[in-house]
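[1] got a sequence here, can you build the structure:
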Amino acid sequence: MIIAVAGNIGSGKTTLATLLSKHYNWDAHFEDVDENPYLNDFYNDMQRWSFNLQVYYMTSRISKIQEIRESKKNVIQDRTLYEDAYIFAPNLHSMGLMTTRDFETYFSLFKLQETFIQPPDVLIYLRASVPTLVNQIQKRGRDYEESIRLDYLKRLNERYEAWVTTYDQGKLLIVDVDNNNFSENAEDLGTIIQSIDAEINGLFDSK
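    Below is the predicted model:
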């Protein structure tokens, strides 16, 4: 079983995935931010490196999904393949930071690869306002994130909301991060865990 955590930059995906991994004693698979060879270049010159970055993410995530399914272990996954295809890549295209040619090539690759992968059993979407995102980004202090603009985060939020309203690949839980401080409040984390348990039990009952 795969539980995937989705959400904008700074929404708390890695933190929640870590906490859930400890609670359920499941493996956690994280986004390889520190090993991404394009990330620093991308934040310095988005137009030049956007296509390279998105293709790297796609191949990396597909490889990870295959690895997880083959292991037959229960896993908490940080970020999904769908976010790249439906949020980050189209946002870069609409901002003029990815050419139409590159975007169409990227999306064709995604649609082809999508036929070979299985979606997560439960998707958790971390909904957070831009001020909350900024606060959490500043707290973790990653150098390459200092240049992220507010309008960029706002555009991503709008795309996340549009995507979630049409998501039909499996079970979906939405967590309001503005009002749920799961990273510091055990009761807030417990609320999320109760919701996950209900979805997991429902999945097992239907099998």
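[2] please make it C-alpha for all contacts and neighbour counts, starting now.
    OK.
[3] at which residues are the strands of this protein located?
    Here the chain has its strands, by DSSP state E, at 2-7, 27-29, 75-78, 122-127, 171-176.
[4] for the second one, packing partners?
    Helices and strands touching strand 27-29, as assessed by 3 or more C-alpha pairs under 8 Å, 6 or more residues apart in numbering; DSSP states H and E, comprise helix 13-24, strand 75-78.
[5] which other residues reach that strand?
    For strand 27-29, the external contacting residues (C-alpha atoms under 8 Å, 6 or more residues apart in numbering) are 17-18, 21, 73-78.
[6] give me the average confidence score over that strand.
    In this model, strand 27-29 carries a mean pLDDT of 91.
[7] what about it, distance to the chain center?
    Distance, stretch centre to chain centre, for strand 27-29: 14 Å (C-alpha atoms, centre = their mean, to the nearest Å).
[8] out of the strands of the chain, flag the one nearest residue 161.
    strand 122-127 (8.3 Å; C-alpha to C-alpha).
[9] what angle do that closest one and helix 13-24 make?
    Using axes from the mean of the first three to the mean of the last three C-alpha atoms, to 10 degrees, the inter-axis angle of strand 122-127 relative to helix 13-24 is 140 degrees.
[10] list the strands paired with strand 122-127, with their directions.
    Here strand 122-127 is paired, per DSSP bridges, with strand 2-7 (parallel), strand 171-176 (parallel).
[11] re earlier: now, of the strands of the chain, which is deepest in the fold?
    The highest mean neighbour count among the strands of the chain, using mean count of other C-alpha atoms under 10 Å, belongs to strand 75-78: a mean of 26.
[12] next one: it to chain centre, how far?
    Once both centres are worked out by C-alpha atoms, centre = their mean, strand 75-78 turns out to sit 10 Å from its chain's centre.
[13] for the nearest residue to residue 100 once chain neighbours are set aside, what are its contacts?
    Excluding the flanking residues, the one nearest residue 100 by C-alpha to C-alpha, 6 or more residues apart in numbering is residue 93, at 6.7 Å. Contact analysis of residue 93 by C-alpha under 8 Å, 6+ apart lists 99-100, 103.
[14] got a pLDDT number for the residue nearest the centre of the chain?
    Centroid check for the chain by C-alpha atoms, centre = their mean gives residue 79 as the closest residue, at 2.6 Å. pLDDT, residue 79: 88.
[15] quick check: phi and psi on it?
    Backbone torsions of residue 79, given as degrees, to the nearest 10, read phi 70, psi 150.
[16] the helices in this structure, which residues?
    Assigned helices in the chain, in chain order: 13-24, 39-44, 46-71, 81-83, 89-94, 100-114, 130-140, 150-166, 186-205 (criterion: DSSP state H).
[17] figure out which of those helices is closest to residue 173.
    Nearest to residue 173 among the helices of the chain is helix 186-205 (7.6 Å), distances taken as C-alpha to C-alpha.
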